[in-house]
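A.B. asks: just a sequence and a predicted model for now, questions to come.
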Amino acid sequence: MIRVLVVDDHAVVRRGVVQIVTEAAEMQCTGEAGTSVEALRLARAHEYDVVVLDIHLPDGSGLDVLKQLRAFKPGLPVLMLSMYPEQQYALRALRAGAMGYLTKDSVPDELVAALHKLARGEHYVSQSLAATLAAQLGAGGPSPEDPTPVEALSDREEQVLRLLAAGQTVSHIAQTLSLSVKTVSTYRARILDKLHLTTTAELIRYALDHGLVD
């Protein structure tokens, strides 16, 4: 029986994933979490065969959770399940140690197939992502090793980007992330520089155009 930990802050989405897992053969959801703190607590306290992890959590980035899981349970396979486009986050997640990436509009059978592959120690990407990468390489386009502007951001910069794009002020972000206002301002300056933007308004427009806002 494949033991699955499901981590997603949206209760409806989490319940849907749990139901898919429960109805699948040789698979059982043995843990649920809606925050990064709860996810890490469960992962430390119990044994799982696969983790389904949302890339955006209310108390931190799913990528940060992924890195911490890799640190204390390096052999635990993690499937990132996200509403964000594959083109923006799949490679970032895979480079950070995820063994698979699916968007939330994937069909249930694809999720089950992905979990079975990860439980066998294999990587999984969707057919659409695989086709996109193959087309890029075949056409002499960007290599998967060449990051897009968003992928050039650090995980923390990407997190600050999403919060700014959601309309949060620098002071509010500082409070949310337990950082100083000066530190968040520094992150904002780095983001603008890396994305070749000059104002927060341009940053918000960029985030909307690239599907980076919930």
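C.D. replies: Perfect, thanks for sending it.
A.B. asks: C-alpha from now on. contacts and neighbour counts both.
C.D. replies: Noted.
A.B. asks: state the distance from the residue most central in space within the chain to Ala71.
C.D. replies: In the chain, the C-alpha nearest the mean C-alpha coordinate belongs to Ile55, at 2.5 Å (Cα atoms, centre = their mean). Taking Cα to Cα, to the nearest Å as the measure, Ile55 falls 18 Å from Ala71.
A.B. asks: what do you get for Gly62?
C.D. replies: 14 Å.
A.B. asks: as PDB, could you dump the C-alpha coordinates of stretch 58-76?
C.D. replies: The C-alpha trace of stretch 58-76 is given here as PDB (Å, rounded to 0.1, in the frame of the first residue of the first chain):
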ATOM      1  CA  PRO A  58      -0.100  30.300   3.400                       C
ATOM      2  CA  ASP A  59       2.900  30.200   5.700                       C
ATOM      3  CA  GLY A  60       5.600  29.800   3.100                       C
ATOM      4  CA  SER A  61       6.600  28.400  -0.300                       C
ATOM      5  CA  GLY A  62       6.100  24.800  -1.100                       C
ATOM      6  CA  LEU A  63       9.600  24.900  -2.600                       C
ATOM      7  CA  ASP A  64      11.000  25.700   0.800                       C
ATOM      8  CA  VAL A  65       9.100  22.800   2.200                       C
ATOM      9  CA  LEU A  66      10.500  20.600  -0.600                       C
ATOM     10  CA  LYS A  67      14.100  21.600   0.300                       C
ATOM     11  CA  GLN A  68      13.500  20.900   4.000                       C
ATOM     12  CA  LEU A  69      12.000  17.500   3.200                       C
ATOM     13  CA  ARG A  70      15.000  16.800   1.000                       C
ATOM     14  CA  ALA A  71      17.300  17.600   4.000                       C
ATOM     15  CA  PHE A  72      15.800  15.300   6.500                       C
ATOM     16  CA  LYS A  73      14.200  12.700   4.300                       C
ATOM     17  CA  PRO A  74      16.200  12.700   1.000                       C
ATOM     18  CA  GLY A  75      14.600   9.500  -0.300                       C
ATOM     19  CA  LEU A  76      11.000  10.700   0.100                       C
END
